[in-house]
Structures are given as structure tokens and as C-alpha cells.
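Asker: I need the structure of the sequence given here:
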Amino acid sequence: MLTAFARAFKTPDLRKKLLFTLAIIVLYRLGAHIPVPGVSYEAVQQCVKQASEGNNSLFGLVNMFSGGALLQITIFALGIMPYITASIILQLLTVVIPASKPSRRRVRPVLPRSRSTPGT
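Answerer: Sure thing, here's the model as predicted:
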């Protein structure tokens, strides 16, 4: 197995793809440990503890499926939510501030004139 892995690194195209994949995995693992700025870790822990004291173990289930990322409150635990929130805010701003609307006028392409003369 190690010889196959070593042989894969000898092929330039495959080596490039493997190194890219390893770099993305390292980047994801780093992002999974960077806490979200402005959020108190202790307050989140206390809130989750209070919510899980009853018979409701939904937080525990979601935390298990997220790999423990829910309780860690890391940047990559946010998922796609910041993107969705930003797009909603921008759509609302275009209604409130009309100058922020993108230009919607249509531009017609200029077609070349025909060089044929009438009657020929």
C-alpha cells in the first residue's frame, strides 16, 4: 500500500491533486478550531447545559452529528448561514436604499451594417 501511495506522488497530475486535497483538509481542521469572534464560550456552554437538563436532548443529537462543532462555536461550524444572512440583508437594503440597486437597464449589441447596396 505504501508503494502505491509513493507511486501516486511520482505522477505530477496526481501529486498536484493529492497535495490540494491534503491542503484543504488541513485548512478545514484549522478552521474547526478557530472560535467565532464576539461569542462567549462560557455563555454558550451554560445555555446548552440549561437546554439539555430536561428530557430534550436535541442539542446533544445535533452536536453529535456536527462532530462536536456546535458546542465549540467555531468559524466552520457556522456553515452557510453567514452567506444566506448577508444575501438577505443586501436584498433588504436594495429596497430601502434605491441607489444600491444594481443597474437593470439592458444594453443592446451594436450590429454591423450590411454593405450590400440596394438593387444589385
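Asker: Can you work out which other helices and strands pack against whatever helix or strand Lys17 lives in?
Answerer: For Lys17, the enclosing helix or strand under DSSP states H and E is helix 12-31. Applying 3 or more C-beta pairs under 8 Å, 6 or more residues apart in numbering; DSSP states H and E, we find helix 12-31 packed against helix 2-10. (C-beta placed from N, C-alpha, C; glycine too.)
Asker: got the angle between the helix it packs on and helix 12-31?
Answerer: Put simply, helix 2-10 runs at 100 degrees to helix 12-31, going by axes from the mean of the first three to the mean of the last three C-alpha atoms, to 10 degrees.
Asker: starting at the chain centroid, how far to helix 2-10?
Answerer: 32 Å (C-alpha atoms, centre = their mean, to the nearest Å).
Asker: For the protein, which segments count as helices?
Answerer: According to DSSP state H, the chain carries its helices in the segments 2-10, 12-31, 41-51, 58-65, 69-72, 81-96.
Asker: okay, those, which one's buried deepest?
Answerer: helix 69-72 (a mean of 18; mean count of other C-beta atoms under 10 Å).
Asker: Any stretches of the chain with poor pLDDT?
Answerer: 51-57, 63, 66-70, 100-111, 114-120 (pLDDT under 70).
Asker: Give me the residue at the spatial middle of it.
Answerer: Among the residues of the chain, the one closest to the centroid is Ile80, at 5.0 Å (C-alpha atoms, centre = their mean).
Asker: What separation do you get for Gly38 and Thr94?
Answerer: For Gly38, the distance to Thr94 (C-beta to C-beta, to the nearest Å) stands at 27 Å.
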